[in-house]
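Colleague: What follows is a predicted protein model with its sequence.
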Amino acid sequence: MILNPSVLALLLIALLVSVMGLYAGYYGLRILLRWNPASGSEMQLDLERRTYLVSTIMSYILGFELMSLFLFIYTANDLHLLFTGAMCAAGTLAVNFFGYPVLLFKIVNFLLAGVWLVVNYTDNRGYDYPLIRFKYKLLTLVVPLLLLESGLLAAYFAGLKPDIITSCCGSLFSHESNSFSGDLASLPHLPMQIAFFSGMAITAICGLIFYTRGCAGYLFSIAATLTFLIAAASIVSFIGLYFYELPTHHCPFCILQREYNYVGYLLYATLFGGAVAGIGTGVLMPFRNIGSLARIIPVMQRRLTLVTLVCYLLFTLVVVREMVFSALKLGL
Amino acid sequence: MKRALERHLNILEFTLASLLRRKAKNLSLLAMYLLVIFILASLQFFVTALKREAAIILSDAPDMVVQRLVAGRQDLVPARYAAEIANIRGVTAVRPRLWGYYYDALNGANYTIIANDDPAIGPERVSIGAGVAKARNLAVGDLLPLISYDKAPVMLEISTIFPSNSDLIAADMIIISPGDFRQLFNFPSGQATDLAVMVRNPKELPTVAAKIAGQFPDSRPILKNEIQRTYQSIFDWRGGMTLIILASALFSFIIFAWDKAAGLSAEERKEIGILKSIGWETSDVLLLKFWEGAVISLTAFLVGTVLAYGHVFFLSAPLFAQALKGWSVVYPRFQLVPVVDVYQLAVLFFLTVVPYTTATIIPCWRAATIDPDAAMRY
């Protein structure tokens, strides 16, 4: 366990998120089971009021969740000094089994949180809560994941032991030194480049079709989701290499550092922003024809599509710019 | 888009007006909030600045220090170790170091004495830190009287006094020639306190250290990055520990905030009732409450961190220094170099604003869902 203010802050957030998540989840479940807009009973009235509470709580905790993803990565980066051989967050996360699962859950929850907020926002625009069942079903999926993430986070931090000097000798020699180099397996760069640019192109085309004609919404959403995955793999496979100008350095975290002008934040913000909007567009597709939302959802979807297109375009431009101007040239 | 922005602006304007209408209540909340943020921010700034200071000092340390252990205690290193270590491939230089502590019975202080074969410090000449000069009231050209382990007086002429901006390293330092060092401590010849080892390629350090440990089983090689790591964890630990102690203050503040948010005055209830009866929806009132929290939080956060900045970097953190710095008779006076980055501010934000916001969600929701007629009749 490392007693560091940022670790304590992350644990505090995890605790708050879990407690509030449980509270919201409990009322979410009650709403799911007892909801009956036709009834005028006291119970229904109370549930209607509770929806405001659950929405507010969820908006806050999902907001915290979004912010804590970056805090987590930054903290992992900051702690690397404490572990032999760790050069950045990649090494710190590899120190024990829980590091990468926490990151994975944080990313998944980040995306789910974003989608939930999109659905919630849309639902609030309709006067008769048309998406309420769907929204709270989604909630019953999100809450356990949030709890799992908090548990993993606590396990991860509890298992961290810094390699410090012991009384008999420097720690390096006191035990079998296992260094956490954090080398990541990466996919070959040429096929990834092809996949990345085709993915971006297909998403752009589908997005433009959907934006102008209103068809191929599902296709666009699927393309945006797949492109998100491909782009994430591409950062490890080749995008990072151009930034580091080093054909062997595949780290996805170092680009968040000052040496690279914090360009990683721009890349990840656009990538995640684009993905949330893209997935959100698809999630809203089945509800396009619901009475009170028939005029709201298409507008929302067009906006979301625009967000995805702009974000992905920005991401691609930053990548292309670096590929053109980087001192590194990757051969075939 | 513009309409949504206008809605927020209008509600914000209303919020500010309504906050000002209840000055006493909100100011007391703000004061408590500010105090909590001030204390936590001071702590955070202070620990980070100390960490950076330590990192800067340690960056000049030798790549590796080799000590010798006898029965688990540090002992003197024979000179032949140095010669043999220098033969290990990859080692560029081995410097036997002579240093120790001298207890000054006059004022109860401990000085760090370091031998240096720099020709500027000839025999019977000495360079001292500003702390020593002050403790003994000495100036350049004066004689520094020390008493050797044989109880014989050793008189050394002061050639330089280190400027006080190097105090953090040099306050208690006395630099003398190796000959004087051996005479002062009755130090056996052919031995050194420890060895500083330089290695050309930093990646080879662990290998070289493993070779040294294999060749001399009683040696204890310590790498620079291990020292850095240890300091880093000590400061982290001190900061975290103090934070845990302060957690009770934080919790009391959260309870206070909860109480303030839950205890709506009759006037506030009436206000919300009127707003709802003229057409405000629950979500509008929630937004109003959100902006109320945001205004109070941001004001407290900004003012609190600015005050903490002044407290730590201009006044040298009088409230924490005793707990976090440690103490000594010849204690260096130092001004911390300001370091504030987004990361620290984010951590602070998560430690203070997030719990506050969480504590006020349910009371705000309660306030926002009051029935208008009940509220106005109340």
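Modeller: Looks like it arrived, so ask away.
Colleague: give me the residue from chain B nearest chain A.
Modeller: Sorted by distance to chain A under CB to the nearest CB, the residues of chain B start with B:Gly240, at 3.0 Å. Glycine gets a C-beta too; all of them are placed from N, C-alpha and C.
Colleague: That residue: what's it in contact with?
Modeller: A:Ile2, A:Leu3, A:Asn4, A:Pro5, A:Val7, A:Leu8 (CB atoms under 8 Å, 6 or more residues apart in numbering or on different chains).
Colleague: Tell me how far the fifth one lies from A:His80.
Modeller: The span separating A:Val7 from A:His80 equals 14 Å under the rule CB to CB, to the nearest Å.
Colleague: for the chain, longest helix please?
Modeller: In the absence of a named chain, this looks at chain A. If you go by DSSP state H, chain A has its longest helix at helix A:42-78.
Colleague: if you could check chain B rather than the one you did, that'd help
Modeller: Per DSSP H, chain B has its longest helix at helix B:224-262.
Colleague: Where does residue 112 fall, secondary structure wise?
Modeller: Went with chain A since none was named. Using DSSP states H and E, A:Leu112 sits in helix A:99-125.
Colleague: that's the other chain; I wanted chain B
Modeller: Short version, using DSSP H and E: B:Thr112 is in strand B:109-115.
Colleague: Likewise for A:Ala277?
Modeller: helix A:263-284.
Colleague: same question, B:Leu302
Modeller: Per DSSP H and E: helix B:282-309 holds B:Leu302.
Colleague: what's the answer for A:Ser221, then?
Modeller: Counting by DSSP H and E, A:Ser221 is found in helix A:217-234.
Colleague: one step back: is chain B contacted by the helix holding A:Ala277?
Modeller: No: against chain B, helix A:263-284 shows no contacts by CB under 8 Å from any CB of the partner chain, the least distance being 10.1 Å.
Colleague: buried stuff in the helix holding A:Ser221?
Modeller: Under the neighbour-count criterion of 16 or more other CB atoms under 10 Å in any protein chain shown, helix A:217-234 has A:217, A:219-225, A:227-228, A:230-234 buried.
Colleague: Check which element follows that helix along the chain.
Modeller: helix A:240-244.
Colleague: So, low pLDDT: which residues of the chain?
Modeller: Because you didn't say which chain, this covers chain A. Within chain A, the ranges that satisfy pLDDT under 70 run A:1, A:85, A:164-186, A:331-332.
Colleague: Please refer instead to chain B.
Modeller: For chain B, the ranges with pLDDT under 70 are B:1, B:119, B:323-327, B:330, B:333, B:378.
Colleague: what's the single longest strand in it?
Modeller: For chain B, the strand with the greatest residue count under DSSP state E is strand B:153-161.
Colleague: and the helix or strand just after the strand holding B:Thr112, C-alpha only, in PDB?
Modeller: The helix or strand immediately downstream of strand B:109-115 is strand B:125-128, counting by DSSP H and E. Provided in PDB are the C-alpha atoms of strand B:125-128 (Å, rounded to 0.1, in the frame of the first residue of the first chain):
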ATOM      1  CA  ARG B 125      42.100  25.100   6.200                       C
ATOM      2  CA  VAL B 126      38.300  24.600   6.100                       C
ATOM      3  CA  SER B 127      35.100  25.500   4.300                       C
ATOM      4  CA  ILE B 128      32.000  25.700   6.400                       C
END
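Colleague: Which neighbouring elements make contact with strand B:125-128?
Modeller: strand B:153-161, strand B:173-176 (3 or more CB pairs under 8 Å, 6 or more residues apart in numbering or on different chains; DSSP states H and E).
Colleague: If you count neighbours, what's buried in the very next helix or strand once past that strand?
Modeller: Elements were assigned by DSSP H and E; along the chain past strand B:125-128, the next helix or strand is helix B:130-136. Of the residues in helix B:130-136, B:Ala130, B:Gly131, B:Val132, B:Ala133, B:Ala135, B:Arg136 count as buried by neighbour count, 16+ other CB under 10 Å.
Colleague: how close does the spatially most central residue of chain B sit to B:Met64?
Modeller: Geometric centre of chain B, nearest residue: B:Val47, 1.8 Å, by CA atoms, centre = their mean. Distance, B:Val47 to B:Met64, by CB to CB: 28 Å.
Colleague: and what of B:Pro96?
Modeller: Distance, B:Pro96 to B:Met64, by CB to CB: 14 Å.
Colleague: So for these two, which sits in the more crowded spot?
Modeller: Legend: neighbour count by other CB atoms under 10 Å in any protein chain shown for B:Pro96 and B:Met64, higher for B:Met64 (26 against 21).
Colleague: Would the helix or strand containing B:Glu268 count as contacting chain A?
Modeller: Using DSSP H and E, B:Glu268 maps to helix B:266-277. No: Helix B:266-277 is not in contact with chain A by CB under 8 Å from any CB; minimum separation 12.7 Å.
Colleague: Neighbours of residue 44, how many?
Modeller: Just so you know, I chose chain A. 16.
Colleague: I was thinking of chain B, sorry if that wasn't clear
Modeller: 26.
Colleague: ditto for B:Lys2
Modeller: The number of residues packed near B:Lys2 is 6, by other CB under 10 Å.
Colleague: separation between it and B:His8?
Modeller: 11 Å.
Colleague: Let me see the contact set for the nearest residue to B:Ile39 once chain neighbours are set aside.
Modeller: Once flanking residues are discounted, B:Ile39 sits nearest to B:Leu246: 6.2 Å by CB to CB, 6 or more residues apart in numbering or on different chains. By CB under 8 Å, 6+ apart, the contact list for B:Leu246 reads B:Ile39, B:Leu40, B:Leu43.
Colleague: and the residue of chain A nearest chain B?
Modeller: For chain A, CB to the nearest CB, closest residue to chain B: A:Leu3, 3.0 Å.
Colleague: B:Ile234 is in contact with that residue, correct?
Modeller: No: with contacts counted by CB atoms under 8 Å, A:Leu3 stays clear of B:Ile234, the gap being 10.6 Å.
Colleague: higher neighbour count, those two?
Modeller: Using other CB under 10 Å as the criterion, A:Leu3 and B:Ile234 rank with A:Leu3 on top: 17 against 14.
Colleague: tell me the secondary structure for that one?
Modeller: At A:Leu3 the chain is in coil, as set by DSSP: H, G, I helix; E, B strand; the rest coil.
Colleague: how near is it to B:Leu12?
Modeller: For A:Leu3 relative to B:Leu12 (CB to CB), the value is 39 Å.
Colleague: Likewise for B:Gln74?
Modeller: 64 Å.
Colleague: neighbour-wise, which of the two wins?
Modeller: B:Leu12 (17 against 12).
Colleague: Tell me how many other residues crowd the nearest residue to the more buried one once chain neighbours are set aside.
Modeller: Excluding its sequence neighbours, the residue lying closest to B:Leu12 (CB to CB, 6+ apart) is B:Trp291, at 5.1 Å. Here the count is done by other CB under 10 Å, and B:Trp291 has 19 residues near it.
Colleague: ditto for B:Ser297
Modeller: B:Ser297 has 21 neighbouring residues, counting by other CB under 10 Å.
Colleague: wait, isn't it in contact with B:Val36?
Modeller: No: applying CB under 8 Å, one finds B:Ser297 not in contact with B:Val36, separated by 11.3 Å.
Colleague: re earlier: quick check, whichever helix or strand comes after the helix holding A:Leu112 touching chain B?
Modeller: Per DSSP H and E, helix A:99-125 leads on to helix A:132-158 as the next helix or strand towards the C-terminus. No: judged by CB under 8 Å from any CB, helix A:132-158 and chain B are separated, with a smallest distance of 11.3 Å.
Colleague: Which strands or helices does helix A:132-158 pack on?
Modeller: helix A:5-34, helix A:42-78, helix A:99-125.
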